[in-house]
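# can't give you the sequence, but here's the structure:
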């Protein structure tokens, strides 16, 4: 089981899913992923100031239009370690940010990002691919690269607390989605991993505890009966 958290395993998985990942996020969340994305990004507020904004684990750039609209005068960086995600998202980055996006292919746990540099950090649907030790490194990195009073917001698909909803969700993500993946989008085994990661992750409660150890003020958020959870806050 530890193998699924090894960087090379995760990178290969997302490289393989890069062509269909945005659609699968939409399907696996019954379309709620777009609503949750908007809600978690709104936790960062809006500003016309010239800020430094970074989107971690940026995937196919699904956060970028929201970030551009909320922080229209800012400088933007995006980071992902999946080569194929970077390739797939490059055109979107050029379009949304008019060729002004700093798009980096790096491991967030071993990045060369400047310390005390960013005002805003966003990250959607990437937390589940980290174990506790990796989450501790991530929290340390978030604290390192954020300015004092800099803000962050993360969101992740989670296990619902309601038993009936959980059972339905488990069957849907664990059984139905892999079949859809085989029929329409590629390798069903890739999409089985989404539920395995989600079940192991559970929710953002553990993430909150880890982040609070690293000079970060953290609030937790629940979305749609805990089908997704998130953390947001600032560096203190």
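That came through fine. Just so it is clear, the structure is predicted and the values come from calculations on it, not from any experiment.

# what's the average pLDDT for the strand or helix carrying residue 194?
Assessed by DSSP states H and E, residue 194 sits inside helix 188-201. The pLDDT scores in helix 188-201 average 84.

# who does that helix touch, helix- and strand-wise?
Counting contacts by 3 or more C-beta pairs under 8 Å, 6 or more residues apart in numbering; DSSP states H and E, helix 188-201 packs against helix 7-17, helix 21-28, strand 146-157, helix 177-180. Glycine gets a C-beta too; all of them are placed from N, C-alpha and C.

# how does it look with 10 Å?
helix 7-17, helix 21-28, strand 146-157, helix 163-171, helix 177-180 (3 or more C-beta pairs under 10 Å, 6 or more residues apart in numbering; DSSP states H and E).

# Can you show me the helices along this structure?
Assigned by DSSP state H, the chain shows helices spanning 7-17, 21-28, 32-42, 64-70, 83-97, 132-145, 163-171, 177-180, 188-201, 205-212.

# Can you give me the pLDDT of residue 70?
98.

# number of nearby residues for it?
Look at residue 70: counted by other C-beta atoms under 10 Å, it has 20 neighbours.

# Now do the contacts for it.
38, 41, 42, 44, 45, 46, 47, 48, 53, 63, 120, 122 (C-beta atoms under 10 Å, 6 or more residues apart in numbering).

# returning to that earlier point: and the helices of the chain, which one is worst for confidence?
helix 21-28 - the lowest mean pLDDT of the helices of the chain, at a mean of 69.

# Spit out the contact partners of the residue sitting nearest the centre point of the chain.
Centroid-nearest residue in the chain, with C-alpha atoms, centre = their mean: residue 124, separated by 2.4 Å. By C-beta under 10 Å, 6+ apart, the residues touching residue 124 are 25, 33, 36-37, 40-41, 55-59, 62-63, 66, 153-157, 228, 230.

# Lovely, talk soon.
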